[in-house]
Each structure stands twice: as structure tokens, then as C-alpha cells.
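In: Need the 3D shape of this:
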Amino acid sequence: MFLPATLLFAFLSSALFPIASSAPLDAKAAAVHTGDGTFFTPGLGACGKTNTEKDAIVAVGHGIFDSFPGATANPNTNPICGKKIKATLGKKSVVVTVADRCAGFAGAADLDFTQSAFSKLAAPSVGRIHGVKWTFVR
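Out: Alright, predicted model coming up:
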């Protein structure tokens, strides 16, 4: 079968140079991270919104929060704000929204959940959980 040149070019171009998708291109955004999980009492977060204990939100470790692509000195405009994260511990998972920055003793890939979100992974009496795997989701 003979293909006209324009059709052949379109086919080869799409095979060699796929059309961009909405998938994250940055390695940090696409990676599976592993860190500890804790919980906190929310209020006014680094993303500029006030949340309550009932909200399924998370504070991301300062290392990832501060270096997220597009981050500036104003944390309220950080593109990480509002992103969804799926966090998994063993066979339990929770989807949370980034609303804050976790500083202090937090490692780069650590997550600080609201207690209601943390309790989807472990009993709050545990306090700190290790080996939480997480990734950004759409």
C-alpha cells in the first residue's frame, strides 16, 4: 500500500514526536515519593487558604514544596497548591489536596495530613507512619 507523502509524514511525526499530553513532564511531579506521614491541626496554610480538620488536605515537605516547578518566593502562588496526591501505606490509600508547606523536622518527601486524612492510613495514636508512598494524581 502506498501512502501519500503528507499522510506518511503525519504518521512518522506522530510516532517519533508524540503530541504533548497533560501528563506532568517534570520528574518530581511524575515520581513516586516515599516518606513519613504525620498529622497536624490546619488553619491558614502556605497556599493562602484556611482549612479545617475535616478537609482532606496535606502539607508537603518543604524540599519538594519550595522546589516545585514554577515556585516563587510567594507560596500562595506555588503551582503545587491544589494538586491532588494519592498516598498509600500498605493496602490503604487516601487522596488529599496540597494546601500547606511542612517545615521543621519534615524530610523532603514527608507528608503532614489532617487527622481525618491520616486516619485513612493509620490510627492517629500511632503518631508517625513510615514508608508512605505517594504520587501526584489528576
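In: Break down the chain into its helices, ranges please.
Out: Counting by DSSP state H, one finds helices in the chain at the ranges 5-16, 27-30, 62-67, 115-118.
In: Just give me the lowest mean pLDDT stretch among these.
Out: Mean pLDDT is lowest for helix 5-16 among the helices of the chain, at a mean of 36.
In: Strand partners (parallel or antiparallel) of the biggest strand by length in the chain?
Out: Counting residues, the longest strand found in the chain (DSSP state E) is strand 92-102. Sheet pairing of strand 92-102 (DSSP bridges) gives strand 57-61 (parallel), strand 84-89 (antiparallel).
In: Could you give the separation of it from the chain centroid?
Out: 7 Å (CA atoms, centre = their mean, to the nearest Å).
In: Then stretch 99-117?
Out: 11 Å.
In: For that stretch, could you pull out the residues that count as buried?
Out: Of the residues in stretch 99-117, 99-102, 106, 108-114, 116-117 count as buried by neighbour count, 16 or more other CB atoms under 10 Å. In short, each C-beta sits where N, CA and C put it, glycine included.
In: Render the CA-only coordinates of it in CSV, please.
Out: Only the C-alpha atoms of stretch 99-117 are listed here, as CSV (Å, rounded to 0.1, in the frame of the first residue of the first chain):
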residue,chain,number,x,y,z
ALA,A,99,-2.8,23.1,50.9
ASP,A,100,0.3,23.8,53.0
ARG,A,101,4.1,23.5,53.4
CYS,A,102,5.6,21.3,56.1
ALA,A,103,8.8,22.7,57.7
GLY,A,104,10.7,21.8,60.8
PHE,A,105,11.6,18.2,61.1
ALA,A,106,10.0,17.1,57.8
GLY,A,107,12.0,15.4,55.2
ALA,A,108,11.6,16.4,51.5
ALA,A,109,9.1,13.6,50.8
ASP,A,110,7.3,13.7,54.1
LEU,A,111,3.6,14.5,54.3
ASP,A,112,1.6,16.1,57.1
PHE,A,113,-2.1,15.2,56.9
THR,A,114,-5.1,16.5,58.6
GLN,A,115,-6.1,13.9,61.3
SER,A,116,-9.2,12.9,59.3
ALA,A,117,-7.0,12.1,56.2
